[in-house]
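> got a predicted structure plus its sequence, pasted below:
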Amino acid sequence: MTDRPIAGFINGLWTIPTDAACSDVMNPSTGAVIGILPHGGARDVELAVEAASRAFIDWSARPVSDRAKILHRYRMILAEHQEELSRLICLENGKTLEEARGDVLRGMEVVEFACNIPHLLKGESLPQVAEEIDGITTREPIGVCAGVTPFNFPVMVPMWMFPLAIACGNTFILKPSEKVPLSANRLAELFLEAGLPDGVFNVVHGSRDVVDALCTHPGIRAVSFVGSTRVAKQVYETATRHGKRVQAAGGAKNVLLVMPDADLDSTTRAVMGSAFGCAGQRCMAGSLLMGIGSAADAMRERVCGALDVLKLGNPLEEDGVGMGPVIDGDSRDRLRTILESVSQDKTQQVVRGRCPEPDIGYFLKPALVDNVRPEQPLFQQEAFGPILSLVRPTSLDEAIAWMNRLPYGNGATIFTSSGAAARDFSRRIHCGMVGVNVGVPAPMAIFPFSGWGESFFGDLHVQGMEGVYFYTRQKVILSRWDRGYIRKQGW
């Protein structure tokens, strides 16, 4: 435990709000307090916007190649500190070390993508669009941008946002989850080490007061958000009402469909990683397992066998840990309540496996719930935890129809050896990210993270060229140069 308060980062300086309410930062694997976080408010947002606005004048005018050089240095520094960042994620989030390393790596991929900003920002040109008139387009930064990020990916999700926004010439204010402030602060420290000017990147800690201030401040031009659907919708409506661009990613109910011809060994590995990786606390977690025909019983047997040997524990102190804790006691209690309610339904069966729950920390034994139906809450609502529902449609058509009733639209995967089934599924399913024999169809940084429905509010997604478009605005320039001037000069 440390008594030293965790500071925010404004204009290149570490700052602590005065007279602020504080919250404990916990290690979910042990339940121990590892930091005290003072919560900022509207005044801290105001200071950050002032600093970012001043920095924007010079930063946006810098040659794009200079900005790219700083991003390249940042990428190298992140690589040097990759293991340190991974262990920091384990400490404040509870992921396994392998999962934490993936968290950092996927964030670094966005920085790699942003390093190509001189090419990504190139406009278009067309000479002689009319008599003696040439047309060109440019992409220009929009100003001060803000990001509000969740606890489940302390490095990757913030880096979906600020590296690309800053590479485009904007300045940025990050509001990370108050449950995982240490990773965000370290990202800011390392960016400063890479040579980023003061005020270009700022971190303000806090809760709803900070989010509200970011969504309504007139000096902020764009807001990026990742969190629950309920809050994503609120952020979208509030920020757009105040004239801002918004990309707000919400929750999900992702489907893993297993056909009778699927390879069961590779499918089981993919299903276990998708459903129980990161303790099921991710918007791309597979929470609905659909088995067609014989695949349903086969997958039940294999998933139950895998649950029996899945080890829970502190990833920083034990070897062979396959799943860490959920983020806090409230999350664990909420998930226990869901399972208790399901257990009272005689039409469903809950299988928990043999893995013991550690005596300390916020651990929850993962569960498979068999015979879940489309009309039941466990089918329709996001649990956001290590609960996998086994659903038994009678055909591919019925499975797709059931999936397409869901209001969410993040991800869906089919496991099959049939190209025809995979093509039919990919074309008919209503979601933005589709996997074929891929447990978590989250795209690489060069592609957009393209949720649909109530999984996303906005027009332009994070990552890829959509991210570049979100953080820039287009200008069209028409130029006319009369050749008569040349004749008049006698040239």
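Perfect, thanks for sending it. Numbers count the residues shown, from 1 in each chain.

> can you pull out the strands in the stretch 51-200 of the chain?
Along the stretch 51-200 of the chain, the stretches classed as strands by DSSP state E, counting those that start in this stretch are 125-130, 133-141, 144-148, 171-175.

> for residue 250, find the nearest of these.
Ranking those by proximity to residue 250 (CB to CB) places strand 144-148 first, at 12.3 Å. The C-beta positions use only the backbone N, C-alpha and C, and glycine is treated the same way.

> so which residues make contact with the closest one?
With contact meaning CB atoms under 8 Å, 6 or more residues apart in numbering, strand 144-148 is reached by 49, 52-53, 56, 158, 161-162, 165, 170-175, 211, 214, 219-227, 235, 471.

> tell me the strands beside it, with direction?
Partners of strand 144-148 in the sheet, by DSSP bridges, are strand 171-175 (parallel), strand 220-226 (parallel).

> run the chain-centre distance for it.
Its chain's C-alpha centre and that of strand 144-148 lie 14 Å apart, by CA atoms, centre = their mean, to the nearest Å.

> again, but for stretch 162-169
The answer for stretch 162-169 is 17 Å, by CA atoms, centre = their mean.

> what of stretch 325-345?
Worked out by CA atoms, centre = their mean, stretch 325-345 lies 24 Å from the chain centre.

> let me know the average pLDDT across it.
For stretch 325-345, the mean pLDDT works out to 95.

> which of the residues in that stretch are buried?
Neighbour counts over stretch 325-345 (16 or more other CB atoms under 10 Å) mark 325-328, 331-332, 335, 338-339, 342 as buried.

> which of those fall in helices?
Judged by DSSP state H, the buried residues of stretch 325-345 include 331-332, 335, 338-339, 342 as members of helices.

> so which bits of whichever strand or helix holds residue 247 are buried?
Assessed by DSSP states H and E, residue 247 sits inside strand 245-249. Within strand 245-249, the residues that qualify as buried are 245-249, counting by 16+ other CB under 10 Å.

> circling back: nearest to residue 476, out of the strands of the stretch 51-200 of the chain?
With CB to CB as the criterion, residue 476 lies closest to strand 133-141 of the strands of the stretch 51-200 of the chain, at 5.3 Å.

> angle of that closest one against strand 171-175?
Calculated by axes from the mean of the first three to the mean of the last three CA atoms, to 10 degrees, strand 133-141 forms an angle of 30 degrees with strand 171-175.

> and strand 133-141, what's buried?
The neighbour-count check on strand 133-141 (16+ other CB under 10 Å) flags 139, 141 as buried.

> which elements pack onto that strand?
Helices and strands touching strand 133-141, by 3 or more CB pairs under 8 Å, 6 or more residues apart in numbering; DSSP states H and E, are helix 42-61, strand 125-130, strand 472-480.

> need the contact list for residue 486.
If a contact means CB under 8 Å, 6+ apart, then residue 486 has no contacts.

> alpha carbons only: can I get the helix or strand harbouring it in PDB?
Using DSSP H and E, residue 486 sits in helix 484-489. Extracted in PDB, the C-alpha atoms of helix 484-489 (Å, rounded to 0.1, in the frame of the first residue of the first chain):
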ATOM      1  CA  GLY A 484      -3.000  35.200 -69.600                       C
ATOM      2  CA  TYR A 485      -0.700  36.400 -66.900                       C
ATOM      3  CA  ILE A 486       2.200  34.500 -68.500                       C
ATOM      4  CA  ARG A 487       1.500  36.200 -71.800                       C
ATOM      5  CA  LYS A 488       1.200  39.600 -70.200                       C
ATOM      6  CA  GLN A 489       4.700  39.200 -68.700                       C
END
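
> what is the mean pLDDT for that helix?
If you average the pLDDT over helix 484-489, you get 81.

> list the buried ones in it?
Within helix 484-489, no residue counts as buried by 16+ other CB under 10 Å.

> now find how far off-centre it is within its chain.
With CA atoms, centre = their mean, you get 58 Å for helix 484-489.
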